[in-house]
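# when you get a sec, could you give me coordinates for this:
(chains A and B)
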Amino acid sequence: MPQPLAPKEAAQFRTIIRSFEDKQYKRGLKTADLILKKYPRHGDTMAMKALILNSQGKPDEAFPLAKEALTVDMKSHICWHVYGLLYRSVKNFEEAIKAYKFALKLDPTSAQIQRDLAILQVHVRDYQGYIQSRKAMLQARPQIRSSWTALAIAHHLSGNLTEAENVLTTYEGTLKSAPSRFDGEHSEAVMYKNSIIAEQGDFQRALDHLESDAKHNLDRLAVLECRADYLAKLGRKEDAVQAYRLLIDRNAEHIDYYEKLEQALEISRDDAPARKAIYDEYAAKFPRCDIARRVPLDFLSGDEFRQAAESYVALMLNKGVPSLFANLKHLYSDSFKKDTLREVVEKYLTSQDIDSESKDKGEAAGLYYLAQHYNYHLSRDLAKADEYVDRAIEKDPKSVDFHMTKARILKHAGNIKEAAEMMDKARKLDLKDRYINSKCAKYQLRNGENEKALKTVGLFTRAETVGGPLADLLEMQCIWYLTEDGEAYARRGNIGLALKRFQALNNIFDVWQDDQFDFHSFSLRKGQIRAYIDMIRWEDHFRDHPVYSRVALDAINLYLAMADKPAANGTNGADEEDALEKKKAAKKAKKELQRLEREEAERQAKQDPNKGGQAADAKKKDEDPLGLTLAATTDPLGEAMKFLGPMLQAGPKNIDAQIAGFEVYIRRKKYVLALQCLNRSLSIDAENPRVHEQVVAFRKLLNNAPSDLPPKVLEALKAEFTAVDATADLTKYNQDFQEKHQASPLHVLSAVKARQTLGVDLAKCEKEVHGLIEHASATFTDAIAALETLKSWRSAEVESFRKAALAKWPNVTRLSE
Amino acid sequence: MDIRLLTTADLPLIQHANLENLPENYFLKYYLYHALSWPQLSFVAVDVSRPRKGAYDYPKIVGYVLAKMEEEPADGVQHGHITSLSVMRTHRRLGIAEKLMRQSQLAMVETFQAKYVSLHVRVSNVAARHLYEDTLKFRNEKTESKYYADGEDAFSMRLDLDDVAELAKRYAGGEDEDKDKDEEKKKSNGAADAGAGANSAELPIRSEGVDEGEAVGEVGRDPEAGDKEKKVKVAVGRGLGVGDLVEKDETKH
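The predicted structure follows:
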């Protein structure tokens, strides 16, 4: 029970709560101290004080105080509630839920505690707990529609569709009159129920429900799309045809409608003339529709393709649509179409009646297309690409697009340095366009110019952000820049700043996960339930996004390199070279730190003294701006796990994640998990060169049976690892792999690496790597991979390889780095 | 290029497109706020012809319109608002911006009975102004001095949605006419068609776009709002009941 207070203090206590809500923290603390002066062991006041301290960013004071509050008043729901709130704020949801449950036991009627508990339950996906909470909340407030909807959501998310539907139907039964047709909450509730019926696979009932209850629904597009979908699924072809035609009339640029229309019309995918007729019909109906003109190029062939391509290409080039190549390049996997498109544009350029004066239409657009054509990897001839882009630039020496393409051509030639310079030239042609500014900064980062790139993007970041452009990019969650910046630092060997960026990115993804928190209650008030469900499902897997796996792989690779090179941490076996490098790095870091401090001082001097916020600044101060602490970690593999775990969980079908997983687990001696990754890799792509290296390494490991491995585990591993037999001759196995993939330089490289693993003399392996330069199909990308391998062996051959490779590929920036 | 309704899974790449193209940026929660408040109003143009890369490929966003309803309209009239619109420089001149806008406007009328749609555009953004004024027939209401964070003025534009309402009625097959009597006097049916007929849009020279800046309560504060403090109240975590303890959103920046 809360300890009783005298009326004056009771009033003061209410003041604390108000102060807290209004974020008047100082006032709240003052009032709390007043009460505590008179009642030094008043638990609720101590708890409130702890809560305010925590909000002020002082968890170190808050937690002990909240604990003390509990010891003096174990029976106070307020103390327990605060305890839960504190745990919630540090994202210890499990402890928070426990505390809320205690609080609720002490005060079962508290709607507030019940609500906080419920939100946390759905947040951590404790659906059974959420159902219980929502049932209790429904009992407390059955007159409110959202109480019912929330319980339906709880059942729905837990997978109990029938019960979810029942709850919604029960509520509908309580309605005395039909809600207004402009009642948004009702309108959405109907569509939500409809989606649940459809999710059960009962399309007839879903259709009936739609036609009876959603006739005047406010979400017209959803009604039309659902109806078309159900009709098609129920085999009511004629009605489905009408439904999809209606949808195309509303939005003629959605390919899905056309494909469903074809299906409803029972047109075979191979029946090109019949399909073409549909698209022609809509091309005539909607003169400005792109899909109706472009999509037939996907399925037409031979002369019909050529004809259609001619008219489409001419239309687009006459208008000067710059995305023409981007919209057609997917056809290049068909070599006939690839050649035909080139011929069509060449023919277009020779025709007499095209516009040869315009800067971006007609001839200029045709030249621009061919420049992109020869720059594309399936039709690459960089000399020709360069020739065409130069001719296009002659037409318009101020074209951003043409210069941008010229920069891309240079990049594909491996000349990153000149590519970055060219992109900067393009940027200067339109200083007000952020797109070209972003591209320029990206190329500068690829060229290792982190400082310059920051100045470039700084032209568009908000000037008033405390901390300059980088702080703005962090705040705005600018994933692409932070990723490229980190990768550039990693290439430059600045492990600290590279890790700093990758950690910052990881924090952003954490924020994305936390972002859903407010919507658990917000969406119920807004009533947009289907969108909320869509969000919940996305949050459950969003780390499968390539933007995350790229960062995770970058970070893991750095940590792996750190784990393989313990010398860099100044522990065992530091050789002279490393010590020297370390000294140099430390000196550089010190200089960099001084520079940052100087800039910060300058910035503060410039700041408007009338704008307060000094306290907020102090809170934001970064203790490790250069990432030196991150780079000095003694447990790089443990740090790698923080990226690996979420990546593997969200995206098990990503082979790069599995490959990285094997490398981390094998170093941590978690052989069962390593094998799990390896087996998954094998099922995704057994011929992957990196996977081959891992197979050989793992077989060797099992054959040598590490002494720290319990016999039972060894037996299990042997049983689970079937890629190579225990009795196999690994040398021969590796040789066979190499012969099978002789045409691929990367596969050969992997075979050499595997040979090194098997104990073949390093000098011999180095020689083989060196030989890859002469491989018939070697590209400079392969040469870079070979160079990296030699570097990782700390081979004496690095310089001679570099020299030979540069002789063959003279302008490749990465080979001279 | 393919135009469809926005889904939550599109948001990271919409945010990316915004950051790459426009100077007014938002963190992900602000996009979530739109997607979860008015899911019918925002549309994307995606590059469907790009070959899939890996098992977890998300469609590349080449254009988007992020739209909302004004929560507490000062004039008491239901209306929509364009928060942000952008088309990649590489995908200009296909009329994408216009097509995205028309889808959004239709939904504003159908779902939220919007009477007009408003937006802000930088005075210096000639390309975007051309799109709004000439192609979409917005008219300039007033100039808002120093609207943007860098001190630039904005034109505050609006477009009446009467024609779109007519179109919506046609799509509905006229079945609701009696029910809508109390709504709007009917206009002659010179409605602009969502696809055909409208004058050919000669599209912008730069990545076109509008950017909005209105602070939005606790969910998704708009970072561009700066000092303007036009707060729209979205009560999140409003304190109720015993103890009056509130889970405040402390994750805000």
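# give me the packing partners of the helix or strand containing A:Glu394, helices and strands only.
Using DSSP states H and E, A:Glu394 falls within helix A:382-395. Contact here means 3 or more CB pairs under 8 Å, 6 or more residues apart in numbering or on different chains; DSSP states H and E; on that basis helix A:382-395 packs against helix A:363-375, helix A:400-412. Any C-beta I mention is one placed from the backbone N, CA and C, and that applies to glycine too.
# and after the last one, which helix or strand comes next?
Once helix A:400-412 ends, the next helix or strand along the chain (criterion: DSSP H and E) is helix A:416-428.
# SS state for residue 3?
Looking at chain A here, since you left the chain open. coil (DSSP: H, G, I helix; E, B strand; the rest coil).
# think we crossed wires, I meant chain B
Classified using three-state DSSP, B:Ile3 is strand.
# okay, and the beta partners of it?
B:Ala45 (DSSP bridges).
# who's in contact with it?
A:Asn251, A:Glu253, A:His254, B:Phe43, B:Val44, B:Ala45, B:Ile96, B:Lys99, B:Leu100, B:Gln103 (CB atoms under 8 Å, 6 or more residues apart in numbering or on different chains).
# and the helices and strands packed on helix A:382-395, which is most packed in?
helix A:363-375 (a mean of 25; mean count of other CB atoms under 10 Å in any protein chain shown).
# what's the mean pLDDT across that one?
Mean per-residue pLDDT for helix A:363-375: 97.
# which strands and helices sit next to it?
Helix A:363-375 packs on helix A:302-319, helix A:324-328, helix A:335-350, helix A:382-395, helix A:400-412, going by 3+ CB pairs under 8 Å, 6+ apart.
# in three-state terms, label the closest residue to chain B within the stretch 601-750 of chain A for me.
Chain B sits closest to A:Lys653 of the stretch 601-750 of chain A, with a gap of 3.8 Å, by CB to the nearest CB. What three-state DSSP gives for A:Lys653 is coil.
# A:Lys808 touches A:Thr779, doesn't it?
No - in this structure, A:Lys808 is not within contact of A:Thr779 by CB atoms under 8 Å, at 10.2 Å.
# looking at the helices and strands packed on helix A:363-375, which one has the lowest mean pLDDT?
helix A:324-328 - the lowest mean pLDDT of these, at a mean of 93.
# contacts for it, please.
Taking CB under 8 Å, 6+ apart as the rule, helix A:324-328 contacts A:290, A:294, A:297, A:313, A:316-317, A:341, A:365, A:368-369, A:372-373, A:376, B:1, B:47, B:49, B:90-91.
# please pick the buried ones from the residues you listed.
Among these, those classed as buried by 16 or more other CB atoms under 10 Å in any protein chain shown are A:290, A:294, A:297, A:313, A:316-317, A:341, A:365, A:368-369, A:372-373, B:1, B:47, B:49, B:90-91.
# OK, contacts around whichever residue of the stretch 51-200 of chain B sits closest to chain A?
Of all residues in the stretch 51-200 of chain B, B:Ala55 sits closest to chain A, at 3.8 Å by CB to the nearest CB. By CB under 8 Å, 6+ apart, B:Ala55 lies in contact with A:Gly651, A:Lys653, A:Asn654, A:Ile684.
# next, count neighbours for A:Lys428.
Using other CB atoms under 10 Å in any protein chain shown, A:Lys428 has 12 other residues around it.
# ignore the last one, A:Leu86
A:Leu86, neighbours per other CB under 10 Å, totals 25.
# enumerate every residue touching B:Thr111.
By CB under 8 Å, 6+ apart, the neighbours of B:Thr111 are A:Gly184, A:Ser187, A:Leu218, A:Asp219, A:Arg220, B:Trp38, B:Gln40, B:Leu41.
# same question for A:Pro652.
Counted by CB under 8 Å, 6+ apart, A:Pro652 has contacts A:Gln658, A:Arg680.
# go again with 10 Å.
Neighbouring residues of A:Pro652 by CB atoms under 10 Å, 6 or more residues apart in numbering or on different chains: A:Asp544, A:Gln658, A:Gly661, A:Gln676, A:Cys677, A:Arg680, A:Ile684, B:Ala55, B:Tyr56.
# the fifth one: which element?
Right, the one you point to is A:Cys677. helix A:671-684.
# distance from the chain centre to the helix or strand that that helix is followed by, please.
Following helix A:671-684 in sequence order, the next helix or strand is helix A:689-704 (DSSP H and E). Distance of helix A:689-704 from the chain centroid (CA atoms, centre = their mean, to the nearest Å) equals 31 Å.
# so how many other residues sit close to A:Thr170?
Neighbours around A:Thr170, by other CB under 10 Å: 12.
# residues in contact with the nearest residue in space to it that is not next to it in sequence?
Nearest non-adjacent residue to A:Thr170, counting by CB to CB, 6 or more residues apart in numbering or on different chains: A:Trp148, 7.2 Å away. For A:Trp148, the contact set (CB under 10 Å, 6+ apart) comprises A:Arg134, A:Leu138, A:Arg141, A:Pro142, A:Val167, A:Leu168, A:Thr169, A:Thr170, A:Tyr171, A:Glu172, A:Thr174, A:Ala189.
# centre of the chain to the host helix or strand of the first one, how far?
According to DSSP H and E, A:Arg134 maps onto helix A:127-140. Averaging C-alpha coordinates over helix A:127-140 and over its chain gives two centres that are 34 Å apart (CA atoms, centre = their mean).
# which parts of it are buried?
A:Tyr127, A:Gly129, A:Tyr130, A:Ile131, A:Ser133, A:Arg134, A:Ala136, A:Met137, A:Leu138.
# tell me how far A:Arg755 lies from B:Asp162.
77 Å (CB to CB, to the nearest Å).
# these two: who's more crowded?
A:Arg755 (20 against 16).
# the more buried one: which element?
Judged by DSSP H and E, A:Arg755 forms part of helix A:745-757.
# contact partners of the helix or strand just after that helix?
Following helix A:745-757 in sequence order, the next helix or strand is helix A:762-771 (DSSP H and E). If you take CB under 10 Å, 6+ apart as the criterion, helix A:762-771 is touched by A:738, A:748-749, A:751-758, A:760-761, A:778, A:785-787, A:789-790, A:793-798, A:800-801, A:804-805.
# whichever helix or strand A:Gly645 is part of close to chain B?
Using DSSP H and E, A:Gly645 maps to helix A:636-650. Yes - using CB under 10 Å from any CB of the partner chain, we find that helix A:636-650 touches chain B at A:Ala650.
# ok, now how distant is A:Glu94 from A:Glu418?
Distance from A:Glu94 to A:Glu418, by CB to CB: 55 Å.
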